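Student: I need the structure of the sequence given here:
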Amino acid sequence: MALVVQKYGGSSVADAERIKAVAQRIVATRKAGNDVVVVVSAMGDTTDDLIDKAKQVSPLPPGRELDMLLTAGERISMALLAMAISNLGHEARSFTGSQAGVITDGSHGRAKIIDVTPGRIQTALAEGSICIVAGFQGVSQGTKDITTLGRGGSDTTAVALAAALDADVCEIYTDVDGVFTADPRIVPAAQRIPRISYEEMLEMAASGAKILHLRCVEYARRYNMPIHVRSSFSTKVGTWVVDSSEIEGHEMEQAIISGVAHDRSEAKITVVGVPDKVGEAASIFSALSEAEINIDMIVQNVSAASTGRTDISFTLPVTDGQAALTSLNKLKDRIGFESLRFDDRIGKVSLIGAGMRSHPGVTAKFFGAIADAGVNIEMISTSEIRISVVVAQDDVDTAVAEAHRAFDLDTEQVEAVVYGGTGR
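Tutor: From the prediction side, this is the model:
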């Protein structure tokens, strides 16, 4: 008997019929002789609807109360799914995040899991029940308040529970048939990737691929928990996310490029005319750190000899743009920079593949494909297995499609189907 943790996204439980279909899949897994723990997201657009309601009442709702409100969405899903399973003749028990033992820090809206103590889940499993857990939520260790984990937090809940329960696999059910070499909405000829390493999946998630949440993959890598990405709308085999040592053919024989990811959720800030003195860059990024703003790509120009000043550009989530500008403006008189420029019409395109470590010429080929498409590159960032560029937002689709084609990732037979319309 295996222990299987399954996670179903919002589109998978969007209405009563979808919930009943998911219940049948869960019961089939149980009948196959497995213990089953299920993590669910809120139904469809429930979270967005609750956020809209909160903003109608208060333009800046208190974080504690907003978390209390948003966790209602998953509680609705878990209770309805437990009812549907019961209707099929199997015992199911639903648990909130706190009841399941998901313990977090006290940061409302973006809490991090610091421990999982699944005693009640283990007891219910021992008594033969299927356990349904509300994703995206936990309880603060310090204040005992309800917290939420941020967008995609149900993925993280599922992997964290799987690790704590020593599960055999964590199955993430979405509305696509696995991880593809590019977003099927932009590249219909994208190929399904049968197996991908944690390392490559981390880079894809960080580069904008929304199929798995970044923290979920980090957690899986830390505990070596296999993730099986599948669609709840089909029975296709999906994609396995595993340690690189488990990928058949070994690393040296892997495909050079695993995929092309993109991200339209970033903005660019340029700090113009920064005095070229020791410590000024540190002051800028310390202020952003204190405001809890995550920075992605950074470029500093060579200082002009005539002025002794330089420009520093960086990208960040567009939702943090105003907070970043406010923090930096407070430094203007002390640092003496000239001005700030803000551009929210950018996009990031990333090429990912462990194979590029041992294949020279990948960068030239990538840049050449983008240039041939008439797309201008504004910023560049690299890691050992990733090359990212910032381009104008209107050029993202073209850059993705051309890069995908340049590395022979297109397939003749269309494999990708987006069943639910969101990619989650």
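
Student: can you pull out the helices in the stretch 1-150 of the chain?
Tutor: Taking DSSP state H, counting those that start in this stretch, the helices of the stretch 1-150 of the chain run over residues 16-31, 46-57, 63-87, 119-126.

Student: Which one, of these, ends up nearest to Gly138?
Tutor: Closest approach to Gly138 among these is made by helix 63-87 (9.3 Å; C-beta to C-beta). (Glycine included, C-beta is placed from N, CA and C.)

Student: Can you classify His404 by secondary structure?
Tutor: Taking DSSP: H, G, I helix; E, B strand; the rest coil as the rule, one finds His404 in the helix state.

Student: ok, the helix or strand harbouring Leu340: who's next to it in the sheet?
Tutor: For Leu340, the enclosing helix or strand under DSSP states H and E is strand 339-343. Next to strand 339-343 in the sheet, as set by DSSP bridges, lie strand 266-275 (antiparallel).

Student: okay if I get the helices of the stretch 1-150 of the chain as JSON lines plus mean neighbour count, distance to Ala160 and mean pLDDT?
Tutor: Below are the helices of the stretch 1-150 of the chain laid out as JSON lines (neighbours: other C-beta atoms under 10 Å; distance: least, C-beta to C-beta, whole Å; pLDDT from 0 to 100):
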{"stretch": "helix 16-31", "mean neighbour count": "17", "distance to Ala160": "20", "mean pLDDT": "97"}
{"stretch": "helix 46-57", "mean neighbour count": "14", "distance to Ala160": "20", "mean pLDDT": "95"}
{"stretch": "helix 63-87", "mean neighbour count": "20", "distance to Ala160": "15", "mean pLDDT": "97"}
{"stretch": "helix 119-126", "mean neighbour count": "15", "distance to Ala160": "12", "mean pLDDT": "97"}
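
Student: Kindly reformat those helices as TSV containing distance to Val274.
Tutor: TSV is the format used below for those (distance: least, C-beta to C-beta, whole Å):
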stretch	distance to Val274
helix 16-31	53
helix 46-57	36
helix 63-87	33
helix 119-126	53
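
Student: closest one to Thr174 among these?
Tutor: Thr174 lies closest to helix 16-31 among the helices of the stretch 1-150 of the chain, at 12.1 Å (C-beta to C-beta).

Student: Pass me the low-pLDDT residue ranges in this protein, would you?
Tutor: Within the chain, the stretches with pLDDT under 70 are 248-255, 305, 413-424.

Student: per-domain residue ranges of it.
Tutor: Following automatic domain parsing, the chain resolves into domains at 3-174, 248-424.

Student: which one of these lies closest to Ala206?
Tutor: Nearest of those to Ala206, taken as C-beta to C-beta: domain 248-424 at 8.2 Å.

Student: returning to what we had before: which of the domains of the chain sits closest to Val187?
Tutor: Across these, the minimum distance to Val187, taken as C-beta to C-beta, is reached by domain 248-424, at 5.0 Å.

Student: Tell me the gap between the closest one and the middle of its chain.
Tutor: Distance of domain 248-424 from its chain centroid, counting by C-alpha atoms, centre = their mean, to the nearest Å, is 17 Å.

Student: about what we covered before: out of the domains of the chain, which one sits most buried?
Tutor: domain 3-174 (a mean of 20; mean count of other C-beta atoms under 10 Å).

Student: tell me how far the ends of that domain are from each other?
Tutor: Chord length of domain 3-174, first to last residue, is 20 Å (C-alpha to C-alpha, to the nearest Å).

Student: Then stretch 138-156?
Tutor: Length of stretch 138-156, first residue to last, C-alpha to C-alpha: 11 Å.
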